[in-house]
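**Student:** Show me the folded form of this:
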Amino acid sequence: MLYPSIDEMMTKVDSKYSLVVAAARRARQLREGGKTEIKAPKSHKYVGVALEEIYEDRITVTRGEE
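**Tutor:** Sure, this is the predicted structure:
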């Protein structure tokens, strides 16, 4: 995956683990019929679209309560 790069993504989340979990959850929603607000995503795969949404701040990743 070239876009967005991991360095750019780390400014949006607090850890790589949070990024992976958030992208996986969103990709599952997209696979089950969820719609994206991105007009022309660069990726045609669900995980790529989810990462693009996170990068464009269409989805915010927040830390949950422990």
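**Student:** list the contacts for the most centrally placed residue in the chain?
**Tutor:** Nearest to the mean C-alpha position of the chain, by Cα atoms, centre = their mean, lies Leu51 at 2.8 Å. Residues near Leu51 by Cβ atoms under 8 Å, 6 or more residues apart in numbering: Met1, Pro4, Met9, Leu19, Ala23, Ser43. Glycine gets a C-beta too; all of them are placed from N, C-alpha and C.
**Student:** Just send those residues back as JSON lines, with pLDDT and secondary structure too.
**Tutor:** As requested, the contacts of Leu51 are exported to JSON lines (pLDDT from 0 to 100; DSSP: H, G, I helix; E, B strand; the rest coil):
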{"residue": "Met1", "pLDDT": "49", "secondary structure": "coil"}
{"residue": "Pro4", "pLDDT": "80", "secondary structure": "coil"}
{"residue": "Met9", "pLDDT": "87", "secondary structure": "helix"}
{"residue": "Leu19", "pLDDT": "90", "secondary structure": "helix"}
{"residue": "Ala23", "pLDDT": "92", "secondary structure": "helix"}
{"residue": "Ser43", "pLDDT": "86", "secondary structure": "coil"}
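**Student:** give me the element Glu52 is part of.
**Tutor:** In the assignment (DSSP states H and E), Glu52 maps to helix 46-55.
**Student:** can you give me how far that helix is from the chain middle?
**Tutor:** Average the C-alpha atoms of helix 46-55, do the same for its chain, and the two points are 4 Å apart (Cα atoms, centre = their mean, to the nearest Å).
**Student:** now swap in stretch 22-29 and tell me
**Tutor:** Averaged C-alpha coordinates place stretch 22-29 at 7 Å from its chain's average position (Cα atoms, centre = their mean).
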